[in-house]
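1. Sequence first, predicted coordinates after that:
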Amino acid sequence: MQYKFGYYDGICGTVQMAACPLLGANQVGIEPSCYARNIEVRSALIFQAASLIIDIIALFMTVIMIFHIRSKYTAVGRKEMVLFFYLYFLMTVLDFITISGIIPISSVVYPYFVAGYLGLTSAMCWCLMLNGFIGFQWAEDGTAASLWTFRLSSLLIFGVMYFVSIATFKDIAAFSKAHPIGLFIVYFIFNPFCLFVYVVLQIILVVNTLDEYWPLGNICFALVFFIIGQVIQIFLSNQICEGIKHYVDGVFFGTMCTLLSVMMVYKYWDSITKEDLEFSVGGKGNVWEVRELLHEDDEFAPYAGQAANTIGHAGVSFANTGSLYGGQGYPQQQQQQQYQQQPQPQYQQQAYPPY
């Protein structure tokens, strides 16, 4: 199949994508020459069954990653990064709906779901690129300025891509489904550009600010998985589909590699963020404790000895009876003044105040 810039004919002729039934010069869309087998469940056809299993796994793994990100209360860029995974979760849900046949291609709402899927894809890539700038402290992470910049700009990107998609599917204004150059530029140029910028920023961040380069392995694996998935999905889908007799096609490998890429992005972020254990309230079992050995005869050690009963007369709480200034329960400054005014023999006082 011949690939042309601005046209989906070559791509959709190779791999089954959600937008392909809505594109092309004819009214039936563009069909791939080879695609995965369908399965019948209670008289309903389910498309891309193997890819749907990967989508379910992706949803489960995304929930786990979101939980771990939210539990790192003091990590840099925690709230900004979790927004990326929220977008990936929603994108996976729409991918599940659009490629499975749950919403028929002939349905009037199908183009709007596909437009939502494409819009979330672009918003997710944009959000990841913005996360690349967090390490350079362009704005203090977790603040209203940072979070609303992420939210509003991602919403804007989603809206632009949604409009471009609907306008292309409906032949509105200058947009045409026979020549969807706007959709092509956003999906195949803008999205990869955002991912490329993120990777470059993280390489610069690790090389210039970190003492070890191990996190680069995670980000490189994420990039490699993504590239492999796109190459298999767009260029090798027919060969794979025909070689294994229509059991799976390039969509399966593209979905799986995208999941692996997202997981490596999480692994990279987790490896470069350190949690301050002093302020951690995540309930982890490996909280560090530091204990100092104090001499029993060191009366000035703040934690020396065992705690004494501090409940005095009539239920009133007083200071430790084993303190240097007796058991009167005065504040520290008042205790010092009392000690200076009283003669030496009065060091030992009764444990309870006089009536």
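-> Done, it's in. Residues are numbered from 1 along each chain as shown.

2. Break this structure down into its domains, please.
-> Structurally, the chain divides into domains by automatic domain parsing as follows: 16-279, 304-355.

3. closest one to residue 3 among those?
-> domain 16-279 (8.4 Å; Cβ to Cβ). (C-beta placed from N, C-alpha, C; glycine too.)

4. Check the offset of the closest one from the chain's centre.
-> 12 Å (Cα atoms, centre = their mean, to the nearest Å).

5. Can you name the residues that contact the residue nearest to residue 87 when sequence neighbours are not counted?
-> Here the nearest residue to residue 87 in space, its sequence neighbours aside, is residue 124; by Cβ to Cβ, 6 or more residues apart in numbering that works out to 4.1 Å. The contact partners of residue 124, taken as Cβ atoms under 8 Å, 6 or more residues apart in numbering, are 84, 87-88, 91.

6. Quickly name whichever of those is closest to residue 242.
-> So of the contacts of residue 124, ranked by how close each gets to residue 242 (Cβ to Cβ), first place is residue 91, at 29.1 Å.

7. Least confident of the domains of the chain, on average?
-> Sorting the domains of the chain by mean pLDDT places domain 304-355 lowest, at a mean of 46.

8. how about the contacts of residue 124, which pair is most distant?
-> The largest distance within these, taken as Cβ to Cβ, falls between 84 and 91 and amounts to 10.5 Å.

9. So for these two, which sits in the more crowded spot?
-> Under the criterion of other Cβ atoms under 10 Å, the comparison of residue 84 against residue 91 puts residue 84 first, with 28 against 22.

10. okay but that one is in contact with residue 134, surely?
-> No - with contacts counted by Cβ atoms under 8 Å, residue 84 stays clear of residue 134, the gap being 10.9 Å.

11. Please enumerate the helices of this structure.
-> Taking DSSP state H as the criterion, the chain carries its helices at 9-12, 49-71, 78-100, 110-131, 144-169, 181-185, 191-209, 214-235, 237-243, 250-272, 332-341.

12. Just give the nearest non-adjacent residue to residue 192, would you?
-> For residue 192, the nearest residue in space outside its immediate sequence neighbours is residue 125; the separation is 8.0 Å by Cβ to Cβ, 6+ apart.

13. if I pick that neighbour, what's in contact with it?
-> Taking Cβ under 8 Å, 6+ apart, one finds 190-192, 194-195 in contact with residue 125.

14. Mind picking the one among those residues that's closest to residue 101?
-> Closest approach to residue 101 among the contacts of residue 125 (Cβ to Cβ): residue 191, at 25.2 Å.

15. Touching, that closest one and residue 121? I think so.
-> Yes - using Cβ under 8 Å, residue 191 is in contact with residue 121, at 6.4 Å.

16. Burial check on residue 169, number of neighbours?
-> The burial metric for residue 169, expressed as a neighbour count using other Cβ under 10 Å, is 21.

17. Residue 154 and residue 88, how far apart?
-> Plainly put, residue 154 is 12 Å away from residue 88 if you go by Cβ to Cβ, to the nearest Å.

18. An error on my part: the question was meant for residue 260.
-> Here the distance between residue 260 and residue 88 works out to 13 Å (Cβ to Cβ).
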